[in-house]
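**Q** sharing a sequence plus its predicted fold:
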Amino acid sequence: MSAADRMKIQAVSGSLRANSTNSALVRAAGECADAEVDFAVFEGLDTLRHYSPELDRADVLPASVLEWRKQLASADGVLICTPEYAFGMPGSLKNALDWVVSSGELWRKPVAALSASPSALGGEKAHAALLLTLTALEAQTVEEASLTIAFSRSKVTPEGSVEDEATLAALKNSLDALVSAARLKNPI
Ligand SMILES: Cc1cc2nc3c(=O)[nH]c(=O)nc-3n(C[C@H](O)[C@H](O)[C@H](O)COP(=O)(O)O)c2cc1C
């Protein structure tokens, strides 16, 4: 398989918490990836400055923002898994997405939008907020790859792994749908 055949999926968890269920679900999605997929997780959400148009200029752009944009630009598809905070997505994730409004790394990029919550609703309001922001960014949200995960705490072990078969199948399905959408954009 040549380097050109490989697919890069850039993933990000919207939670900064050390034992985050969202981060565990992102890791589990990566473990489902087929051999031709390079699955990378962006770990720097908390290094991104609060967005300001005054910092959004080449001469003052923070290095962490440059790195975030670079990782997204080099990806064929992006997987985002968000918790729900006060009926929305966490500010740190919204901030990261605000940083790519002007630069356009998510423009027409296939994106899988996932949310997870310990409640029965699976963070559906955060999911809706994420989808709305992705619409503003003109990302290509892949419907078949999008997922809300309810009762998330019961799906992740205390050690941070996902062993629930149905959740693993849903994550694999999501990742496969995302990779297929990315492949359609970049056929082998
Ligand atoms: C500040 C805050 C606000 C929250 N608001 C909601 C909410 O609106 N809806 C919800 O389902 N859960 C809410 N939760 C619970 C989170 O869904 C829960 O803590 C979840 O485990 C966070 O994801 P993580 O495990 O990936 O950190 C909130 C938690 C915090 C800390």
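**A** That came in fine, so what should we check first?

**Q** look up the closest residue to Gly44, ignoring the ones flanking it.
**A** Ser64 (5.6 Å; CB to CB, 6 or more residues apart in numbering). All C-beta atoms are positioned from the backbone trio N, CA, C, and that covers glycine.

**Q** so who does Ala169 touch?
**A** Residues in contact with Ala169 (CB atoms under 8 Å, 6 or more residues apart in numbering): none are found.

**Q** so where do the strands sit in the chain?
**A** Along the chain, counting by DSSP state E, strands occupy 7-13, 37-42, 77-82, 110-116, 140-141, 147-149.

**Q** adding mean neighbour count and mean pLDDT, write those out as a markdown table.
**A** Listed next are the strands of the chain as a markdown table, based on neighbours: other CB atoms under 10 Å; pLDDT from 0 to 100:
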| stretch | mean neighbour count | mean pLDDT |
| --- | --- | --- |
| strand 7-13 | 23 | 98 |
| strand 37-42 | 18 | 98 |
| strand 77-82 | 28 | 98 |
| strand 110-116 | 28 | 98 |
| strand 140-141 | 18 | 98 |
| strand 147-149 | 23 | 98 |
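
**Q** distance to Ala24 for those - can I get that in TSV?
**A** Output for the strands of the chain, formatted as TSV (distance: least, CB to CB, whole Å):
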stretch	distance to Ala24
strand 7-13	9
strand 37-42	11
strand 77-82	9
strand 110-116	9
strand 140-141	23
strand 147-149	11
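
**Q** can you tell me how far the residue nearest to Gly44 sits from the ligand?
**A** Note on Ser64: its distance to the ligand, by CB to the nearest ligand atom, to the nearest Å, is 21 Å.

**Q** neighbours of that residue, how many?
**A** Neighbours of Ser64 under the rule other CB atoms under 10 Å: 16.

**Q** pretty sure it contacts Leu48?
**A** Yes. Proximity of Ser64 to Leu48 meets the contact threshold set by CB atoms under 8 Å, at 5.4 Å.

**Q** the ligand contacts on this protein?
**A** 15, 17, 20-22, 83-87, 117-119, 123 (CB under 6 Å from any ligand atom).

**Q** let me know the closest of the residues you listed to Ser161.
**A** Thr21 (11.1 Å; CB to CB).

**Q** what residues are up against that closest one?
**A** For Thr21, the contact set (CB under 8 Å, 6+ apart) comprises Ser15, Pro83, Ala116, Pro118, Ser152, Arg153, Lys155, Val156.

**Q** skip the chain neighbours and tell me the closest residue to Arg183.
**A** Arg183's closest residue in space is Met7 (CB to CB, 6+ apart), at 6.8 Å.

**Q** may I see the buried residues of stretch 65-79?
**A** Val65, Trp68, Arg69, Gln71, Leu72, Ala75, Asp76, Gly77, Val78, Leu79 (16 or more other CB atoms under 10 Å).
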